[in-house]
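Colleague: structure here, sequence nowhere to be found:
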Ligand code: HEC
C-alpha cells in the first residue's frame with residue numbers, strides 16, 4: 001500500500017467511527033444526527049487525494065502526442081484552471097457548442113494529447129478496479145473553484161438554448177413509471193435514508209446540491225463526477241442512461257448550474 005492509500009484508509013476508519021458513535025446516541029433526531037455526522041466528517045475528505053492525482057495527470061505529458069493538458073482552455077484562456085468550473089458549462093467558439101467540464105476535458109485530451117474521443121468516453125467513470133482519468137482530472141479542476149461564486153452565463157444564444165432544453169428535460173415525464181426529474185426533486189423536506197432529496201426548484205436546495213458535486217461517496221469508496229450523478233438519477237428514473245458528454249447531459253448540467261448561480265462552489269463534496 002502506498003502512503004496515500006494508507007492515509008485514505010485512516011480517514012475512512014475515522015469516518016466510520018464517527019458514524020457509529022453518532023448512531024449509538026439516544027434521544028437525538030435523525031436530522032440532528034446527520035448534521036452532526038456531516039460536521040464530524042467535513043475535516044478530511046478522501047477526494048483530496050483525487051484532486052492531487054488529477055493535478056499530476058493534468059501536468060503529465062501523455063497520449064500519442066505526448067503532451068500535457070496545461071494549455072487546455074477551459075473558458076478563461078489557455079491554461080487557466082482557477083475559477084473555470086464556476087463558469088461552466090459555457091459556449092466555446094472553437095467547437096461552436098456549449099460544453100460542460102467533462103466534455104471540454106475530452107476536447108482538450110483529444111486535441112492536445114491526441115487521444116481519440118471514443119477511447120475517453122469508453123471509461124468515463126471510476127470503478128473499484130480502475131480510476132477514470134477524465135473523472136480524476138475533473139476532481140482537480142473543480143477543486144480550483146472552491147470558494148468562488150457560481151457565475152454561469154446564458155448570454156450566448158446557444159447557452160440560453162442549452163438552459164431551456166435542460167429545463168424541459170428536467171420536467172419531461174416518461175418511462176415505465178412516468179417519472180421526470182421533478183417527480184423526485186420538486187418537493188421540499190424529503191429524505192431517502194441518509195440523503196436529503198433536494199427540491200431542485202428551490203434556489204437554496206439547488207445551490208447546495210450542485211455546489212457539492214463532484215463528491216466522494218463513502219458508501220462506494222470513490223469520487224464521483226457530476227455526469228455520474230446525473231446518470232445515476234436517469235437510472236433511478238428508469239430511463240436509459242445518456243451517452244457520456246451528450247447534448248442532453250450538458251443541457252441538464254447547464255440548467256442545474258444556472259440554478260446554482262450566486263452560491264459559492266464548495267466541492268469536491270463528501271456524501272454517504
Ligand atoms: C426516483 C426518484 C428520482 C428521480 C426520478 C431523480 N432523482 Fe435525483 N436523486 C434521487 C435520490 C434518491 C438522490 C440521492 C441519491 C443518493 O444518495 O444516492 C438524488 C440525488 C440527486 C442530486 C444530488 C443531490 C445532492 O444534494 O447531492 C442531483 C443533482 C439530482 N439527483 C438530479 C436529478 C436529475 C437532474 C434528475 C432527472 C434526470 C433526477 N435527479 C431524477 C432520486 C431521484
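Modeller: The structure has been received and is ready for your questions. Computed from a predicted model, the values in this text were never measured in an experiment.
Colleague: please report how far the nearest residue to residue 250 once chain neighbours are set aside lies from the ligand.
Modeller: Once flanking residues are discounted, residue 250 sits nearest to residue 100: 4.8 Å by C-beta to C-beta, 6 or more residues apart in numbering. Where you see a C-beta, it was placed from the backbone N, CA and C, and this is true even at glycine. Distance of residue 100 to the ligand, given as C-beta to the nearest ligand atom, to the nearest Å: 13 Å.
Colleague: you'd agree residue 100 is up against residue 256?
Modeller: No. Assessed by C-beta atoms under 8 Å, residue 100 is found out of contact with residue 256, at 9.9 Å.
Colleague: shared neighbours of the two, which are they?
Modeller: Common contacts of residue 100 and residue 256, defined by C-beta atoms under 8 Å, 6 or more residues apart in numbering, comprise residue 226.
Colleague: number of nearby residues for residue 125?
Modeller: Residue 125 has 17 neighbours, counted by other C-beta atoms under 10 Å.
Colleague: give me phi/psi at it?
Modeller: Dihedral angles of residue 125 (phi, psi; degrees, to the nearest 10) stand at phi -120, psi 150.
Colleague: tell me the pLDDT of it.
Modeller: On pLDDT, residue 125 comes in at 92.
Colleague: which residues does the closest residue to it other than its chain neighbours contact?
Modeller: Nearest residue to residue 125, sequence neighbours excluded (C-beta to C-beta, 6+ apart): residue 228, at 5.0 Å. Contacts for residue 228 (C-beta under 8 Å, 6+ apart) come out as 124-125, 135, 214.
Colleague: likewise residue 239?
Modeller: 174-175, 179.
Colleague: now the helix or strand containing the residue nearest to residue 125: buried residues?
Modeller: Per DSSP states H and E, residue 228 falls inside helix 226-236. Neighbour-count burial for helix 226-236 flags 226-231, 233-234 (criterion: 16 or more other C-beta atoms under 10 Å).
Colleague: spell out which parts of the protein neighbour the ligand.
Modeller: Counting by C-beta under 6 Å from any ligand atom, the residues of the chain close to the ligand are 170, 179, 181, 183-185, 192, 195, 197-198, 209, 212, 229-230, 233-234, 236-237, 252, 256, 271.
Colleague: great, nothing more from me.
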